[in-house]
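Colleague: Any chance you can model this:
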Amino acid sequence: MKEIITNLYVGNQEDFETGIFIPSEWSHLLAAKEPWHRSALSYTTRAAAKDDPEYLMAKRDNKLILNLVDAPKSIFFSKDLIDEGIKFIEEELGKGKKVSIHCNMAESRSPSIALLYLVKNGLIKGDTLEDAEAEFLKLYPEYNPGTGIRGFVKENWDYYKAPF
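Modeller: Reported below is the predicted structural model:
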């Protein structure tokens with residue numbers, strides 16, 4: 001797990017499962033269907049029921065759990081879901097908590113959400129996604145987004161980019 005700015009961390013599944021986190025000090029954004037969303041909702045079928053109110057995300061204690069797979073196409077990523085993740089980060093950091101963002105490998109979904117948080121809040125500057133990614137790679141060299149999440153970020157770049 002790596003701290004990319006003060007109190008904001010990106011990590012993989014093992015980091016979350018083996019880490020020692022004091023709940024009063026930490027909040028976690030878990031950006032993966034497997035194992036976290038499935039476990040939170042206890043579904044055994046291929047997917048959660050679409051009519052479940054927690055189909056896209058579930059809140060458990062100090063965790064926001066997103067139903068995200070590292071899909072190959074951008075259409076499988078919901079702007080509303082990513083926005084909720086960014087809002088969670090903002091709120092929890094605002095409370096003085098340490099916030100970790102995890103996906104399975106910490107290469108694609110979790111660092112992409114971290115990148116969007118940094119860009120939206122003007123902590124990374126860049127007129128283009130490529131400029132911002134170059135800056136982000138200095139903070140988090142493991143960033144290697146899948147084609148779906150990268151496409152989502154590119155398609156929504158103007159929305160997330162902070163005005164400078």
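
Colleague: which other helices and strands contact the helix or strand bottoming out on mean pLDDT in the chain?
Modeller: Within the chain, judged by mean pLDDT, DSSP states H and E, the helix or strand with the poorest mean is helix 157-160; its value is a mean of 94. For helix 157-160, the packing partners by 3 or more Cβ pairs under 8 Å, 6 or more residues apart in numbering; DSSP states H and E come out as helix 109-120. The C-beta positions use only the backbone N, C-alpha and C, and glycine is treated the same way.

Colleague: Contacts for the least confident helix or strand of the chain, please.
Modeller: Taking contacts as Cβ atoms under 8 Å, 6 or more residues apart in numbering, the residues outside helix 157-160 that touch it are K79, L116, V119, K120, T128, L129, V153.

Colleague: Distance to K87, pLDDT and neighbour count for those residues - can I get that in CSV?
Modeller: Written out in CSV, the entries for the contacts of helix 157-160 read as follows (distance: Cβ to Cβ, whole Å; pLDDT from 0 to 100; neighbours: other Cβ atoms under 10 Å):
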residue, distance to K87, pLDDT, neighbour count
K79, 12, 95, 12
L116, 11, 97, 26
V119, 15, 96, 23
K120, 10, 95, 18
T128, 25, 94, 11
L129, 21, 96, 20
V153, 17, 97, 22
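
Colleague: Fine by me, we can end here.
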